[in-house]
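# Please find the sequence and the predicted model below.
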Amino acid sequence: MRSSYKDSLAAVALGAVLCIQPVRAQEDAAARVAALQSRFAALGERAARVDDVNEIENLQGSYGYYTDKMLWDEVVDLFADDGTLEIGPSGVYVGKASIRRYLDSLSGGRQGPIEGVLFDHFQLQPIVTVAPDGQSAQGRWRLVLMTGVADSGSGGNWGEGVYENEYVKDGGVWKIRKLHWYATFVAPYEGGWLTTNPKAVEDFAMGRGVTPDRPSTVSYDPYPGVFVPPFHYANPVTGQTGARQ
Amino acid sequence: MRSSYKDSLAAVALGAVLCIQPVRAQEDAAARVAALQSRFAALGERAARVDDVNEIENLQGSYGYYTDKMLWDEVVDLFADDGTLEIGPSGVYVGKASIRRYLDSLSGGRQGPIEGVLFDHFQLQPIVTVAPDGQSAQGRWRLVLMTGVADSGSGGNWGEGVYENEYVKDGGVWKIRKLHWYATFVAPYEGGWLTTNPKAVEDFAMGRGVTPDRPSTVSYDPYPGVFVPPFHYANPVTGQTGARQ
Amino acid sequence: MRSSYKDSLAAVALGAVLCIQPVRAQEDAAARVAALQSRFAALGERAARVDDVNEIENLQGSYGYYTDKMLWDEVVDLFADDGTLEIGPSGVYVGKASIRRYLDSLSGGRQGPIEGVLFDHFQLQPIVTVAPDGQSAQGRWRLVLMTGVADSGSGGNWGEGVYENEYVKDGGVWKIRKLHWYATFVAPYEGGWLTTNPKAVEDFAMGRGVTPDRPSTVSYDPYPGVFVPPFHYANPVTGQTGARQ
C-alpha cells in the first residue's frame, strides 16, 4: 500500500511545481489537478479509516465496561435504532426496546451494579474491518466472562467465546448494528471447562421470562462440541475467504 | 467527522486550482489560503492524535510488562516527575521517589523477578482519550492479576479491576501523570471470587511498612460490594457524561 | 513529534502562498518545493506506519483465532516462506513445511477443531514497533492459554507467557517472520500456577514425534523459575534499551 502513498506525494509535488512554472496548457494542468485531487482524497480516506477503527474499538470497549456494571441506559444507547443482540442461544432481540427488555430480564428489572453480583465482560483481541465507504464495519472480538452471584449456591463461572459484530455510522457516529456472541463455553469456577456442559451457556444467555423477536440465526453445540464462528475477514495474507478445514 | 476531511480536501483542491488560474484578487486568495492552511492543519492534528493514542497504549502496556517482572527502574521512569500512584486502598504516592518506595516495599527492596513469585499484570481493553491540544490524555484500562508466592501457604490469587489513568506529554514524550487502579476484587485461586473478601485487596495493595503521601482519593467496598469507577469519557454515542444508574 | 507536523503544514502553506505571488527566483522556489516535498512525504510515511501497526495487530490476532480452532492451513499462510516458530522449549521450526509438521503433530495430523479439545490462544497487550522503512517490525504480546482435552484424565490447563515476534512486509503484505513464545507457566486448572512445574510447559509445547530444524535459541526455567524475555523496544520514556535489573 505504501506505493499508493508515494504516488500521492509525487502528485502533490507535481501540483506544487506546476504553480511556479509557466502554465503550458490548461487541459494538461486540469488533468494533473484532477489526479492530485483524487490521490489526496485517497490519503485522507485512509486516515479516516484509522479513526474509524479507533472509534469502533472505543464503542465496543465501552459496551464491555458498561455491561460489567449493568448500566443498561448506557448499553442500549450504543445500539442503532434497528440494532440487534444475540447472545449464544438467546435468539435475536431487535431494536432498542427489545434489547432493553432482554437486559432488564438479566438483572430483575434493575440497572446498575448489584451487591454480590459479578458480571465482568472482557472485550479483547479486536479485528475491526471498515467498509471502503466508511459507513459500516465488522469486528471480531474475544469475550472472557467472570460471573457469579454471592450466596447463590453457585461458585461463579468462567466463560469464553467470540463476537462477530456489525457497526454502522449514523449521523457521523458509530453504533452497534449487530452484536452476536458465539459461546465457546460457560463453566463453573470449581472444576472448570472440562467439567461443564452446554446447559451452562443456556443458563447464562437466555433471557428470563422474555421472548426474542426472532429465533437464533445459527445452531451449534458449545464445548465439548466444536464450532468455528464464521470469520468476517479474509485471511490477511492470502486474502482468501472462508477458513479451510 | 468525515465531512471535515472532505472539506479539507476540497479546500486543498481549490488551492491547487488557484495556482494555475489567473489571480483575480489578492484578498480573495489570501482568505482561501488561510482557510486551506487551517483545514490542512486540522487534518494533521487529527493524525497526530492517532499517534498519541498508540504511544500511550505502548506506555501503559510497557508498565504492565515491566511490573510483571518487578523492573522498578523501568516502571518509575514511565511516570512524570509529579506523577502519582494509587492502587486500590493504598493511598496516594506522589513523585518518583515515593512511588519507588512503594514498589520496593512490595518486593522487599529488590528489583527484578524473584524465584517463586508470580506478579502478572495484564493491561487490557484500552479507551484512550487525548485532549484536543495533544498535551494530556486519559485512559481506562482493565487490569487482570495472576499472582502468588510459591511455598507461602497461599495458593495464589486472581484479581480484576479498572484503571482510570492520566497522561501528560512532557518534552514531546508521553508519561504517566496519574495511575489509579480501582479494585473489583482480589481472590484466592482456590475458591475464586465468590469466596473472597475485601481484605484480600488490602493484602495485595497496601505498601509494606511505607506510608502514602496522601490519603486515598475515594472509598468503596470491593466485591461483594459494588462501585462504578467514574468514566473519564462520555458515552460514545450520546456524548452524555456521568453514567446513569 | 508534533512539531514536525507543524513544520510540514507551514511548508505546505508556504507552497500555496508561492502560487499566487509573483515568482521571485526559480532557485528559491525550487528549494522550497523540495522542502515541501520531503516534509509532506514524512507526514505520509508516519500515516503509513499507523496502518502498518493495525495490519500487524490484525495478523497476530488472526493467528490466535485460527490457532484456537487448529485451522492449520490458515495459520501456516500467515508466515513468510522463511518464517520460524519457537514455542517455549519446542526448538525452532523453519519454513512453512516444518511449521506445518509441528502443528499437525499437536492435533494428530488433523486440522479443524476436535470434539472435546479446547485450545484457546488469547493474543493480548500488543506493543508493535515498525522499522522506519516500513518493511519489518517487531511485536511483544501476552499469550493466555485455556486448554484441555475432555475425558483425558487431565482437568485442563491455564498458561501464560509473552511473545517477542518479528514481521516482514512481503509483496506489500505483512507476514510473520518469527513467532517466539516465552513460557511463564502452563499449570493445571486444579491447583493453578502454584502447584505446577516446568514439565507442564514441555507437555504443552513439544512437538509429538517431530524434530525441530534448530535447537532452542534460549534456555530458561518457567515458573517457579524466573526469566525476563528480552524487550525488543526501548523504555518508551527514557529511550534506554536493555531493561535494568
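Received, thanks. Residues are numbered from 1 along each chain as shown, chains lettered A, B, ... in the order given.
# Low-confidence regions, chain A specifically.
A:1-40 (pLDDT under 70).
# Tell me where it has helices.
Secondary structure of chain A (DSSP state H): helices at A:2-19, A:26-68, A:72-77, A:95-106, A:199-205.
# Please see if stretch A:169-183 touches chain C.
No. Using CB under 8 Å from any CB of the partner chain, we find that stretch A:169-183 stays clear of chain C, coming within 11.4 Å at best. C-beta coordinates here come from the backbone N, C-alpha and C atoms, glycine included.
# Output that stretch as CSV - backbone C-alpha positions only.
This file holds the C-alpha atoms of stretch A:169-183, laid out as CSV (Å, rounded to 0.1, in the frame of the first residue of the first chain):
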residue,chain,number,x,y,z
LYS,A,169,-22.1,5.1,11.1
ASP,A,170,-25.3,7.0,11.8
GLY,A,171,-25.2,10.8,11.8
GLY,A,172,-21.4,10.7,11.9
VAL,A,173,-21.4,8.4,15.0
TRP,A,174,-20.5,4.7,15.1
LYS,A,175,-23.2,2.5,16.6
ILE,A,176,-23.7,-1.2,17.1
ARG,A,177,-25.9,-2.7,14.4
LYS,A,178,-25.4,-6.3,15.3
LEU,A,179,-24.0,-7.8,18.5
HIS,A,180,-23.6,-11.6,18.1
TRP,A,181,-21.7,-13.6,20.7
TYR,A,182,-20.8,-17.2,19.8
ALA,A,183,-20.3,-19.1,23.1
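# Flag every buried residue along it.
A:169, A:174-183 (16 or more other CB atoms under 10 Å in any protein chain shown).
# Nearest to chain C among these?
Nearest to chain C among the buried residues of stretch A:169-183: residue A:182, at 11.4 Å, using CB to the nearest CB.
# biggest strand in chain A by residues?
Selection of the longest strand in chain A by residue count, based on DSSP state E, yields strand A:173-188.
# re the thing from before, just the buried residues of stretch A:169-183 that are near chain B?
Applying CB under 8 Å from any CB to these, those adjacent to chain B are A:174-175.
# And the buried residues of stretch A:169-183, which is closest to chain B?
Nearest member of these to chain B, counting by CB to the nearest CB, is residue A:175, at 5.7 Å.
# Count the residues that sit near the closest residue to the closest one other than its chain neighbours.
Closest residue to residue A:175 apart from its sequence neighbours, by CB to CB, 6 or more residues apart in numbering or on different chains: residue A:80 at 4.2 Å. Residue A:80: 20 surrounding residues under other CB atoms under 10 Å in any protein chain shown.
# contacting residues for residue A:80?
A:168, A:170, A:175-177 (CB atoms under 8 Å, 6 or more residues apart in numbering or on different chains).
# Can you pick out the most distant pair from the residues you listed?
Among these, the pair separated by the greatest distance (CB to CB) is A:170 and A:176, at 10.4 Å.
# which residues touch residue A:69?
Counting by CB under 8 Å, 6+ apart, residue A:69 touches A:112-113, A:119, B:226, B:228, B:243.
# Stretch A:203-211 near chain B anywhere?
No. Stretch A:203-211 lies out of reach of chain B by CB under 8 Å from any CB, never closer than 15.4 Å.
# ok, residue A:230 touching residue A:164?
Yes. If you go by CB atoms under 8 Å, residue A:230 and residue A:164 touch, sitting 6.6 Å apart.
# quick one, which of those two is more surrounded?
residue A:164 (19 against 12).
# how close does that one sit to residue C:61?
13 Å (CB to CB, to the nearest Å).
# Spell out which residues are contacts of both of these two.
Common neighbours of residue A:164 and residue C:61 (criterion: CB under 8 Å, 6+ apart): residue A:140.
# for residue A:164, what are its contacts?
A:138-140, A:180, A:182, A:229-232.
# So what's the residue count around residue A:149?
Residue A:149: 16 neighbours (other CB under 10 Å).
# which residues does residue A:176 contact?
Residues in contact with residue A:176 (CB under 8 Å, 6+ apart) are A:59-60, A:63, A:78-80, A:83, A:165-167.
# could I get these as JSON lines with distance to residue B:52?
Formatted as JSON lines, the contacts of residue A:176 follow (distance: CB to CB, whole Å):
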{"residue": "A:59", "distance to residue B:52": "19"}
{"residue": "A:60", "distance to residue B:52": "21"}
{"residue": "A:63", "distance to residue B:52": "24"}
{"residue": "A:78", "distance to residue B:52": "24"}
{"residue": "A:79", "distance to residue B:52": "29"}
{"residue": "A:80", "distance to residue B:52": "29"}
{"residue": "A:83", "distance to residue B:52": "31"}
{"residue": "A:165", "distance to residue B:52": "26"}
{"residue": "A:166", "distance to residue B:52": "29"}
{"residue": "A:167", "distance to residue B:52": "23"}
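# Strands - which of the residues you listed land there?
Per DSSP E, these map to strands at A:79-80, A:83, A:165-167.
# Who wins on neighbours among those?
Busiest of those [other CB under 10 Å] is residue A:167, holding 28 neighbours.
# which residues touch the residue lying closest to that one once chain neighbours are set aside?
Spatial nearest neighbour of residue A:167, excluding adjacent residues (CB to CB, 6+ apart): residue A:137 at 4.3 Å. Counting by CB under 8 Å, 6+ apart, residue A:137 touches A:52-53, A:56, A:128-131, A:166-169, A:174.
# same check, this time on residue A:56
Contacts of residue A:56 (CB under 8 Å, 6+ apart): A:128, A:130, A:137, A:139, A:167, A:174.
# Next one: it from residue A:123, what distance?
Here the criterion is CB to CB. By it, residue A:56 lies 11 Å from residue A:123.
# One more: residue A:108?
25 Å.
# Assess the claim that residue A:157 and residue A:201 are in contact.
No. Using CB under 8 Å, residue A:157 is not in contact with residue A:201, being 9.9 Å away.
# Now for these two: what residues contact both?
residue A:186.
# So if I had to pick from residue A:108 and residue A:123, which one is more boxed in?
Here residue A:108 and residue A:123 are compared on neighbour count by other CB under 10 Å; more neighbours surround residue A:123, at 24 against 8.
# Which residue is the nearest non-sequential neighbour of the more buried one?
residue A:64 (3.7 Å).
# and if you look at residue A:228?
residue C:69 (5.0 Å).
# Backbone torsions only: list them for that neighbour.
phi -110, psi 10 (degrees, to the nearest 10).
# and residue A:45, how many neighbours?
16.
# ok, now how distant is the nearest residue to residue A:213 once chain neighbours are set aside from residue A:71?
Distances taken as CB to CB, 6+ apart place residue A:94 nearest to residue A:213, at 4.2 Å, with adjacent residues excluded. Distance of residue A:94 to residue A:71, computed by CB to CB: 22 Å.
# out of those two, which sits in the busier spot?
A direct count of neighbours by other CB under 10 Å for residue A:94 and residue A:71 places residue A:71 higher, at 23 against 16.
# what sits against the nearest residue to that one once chain neighbours are set aside?
Distances taken as CB to CB, 6+ apart put residue B:243 closest to residue A:71, at 5.1 Å, once the chain neighbours are dropped. Applying CB under 8 Å, 6+ apart, we find residue B:243 in contact with A:66, A:69, A:71, A:73-74, B:228, B:231, B:235.
# among the residues you listed, who's most crowded?
residue A:69 (26 neighbours).
# Can you give me the separation between it and residue B:121?
22 Å.
# and what of residue A:47?
33 Å.
# try residue A:79
For residue A:79, the distance to residue B:121 - CB to CB - is 33 Å.
# same thing with residue A:61?
19 Å.
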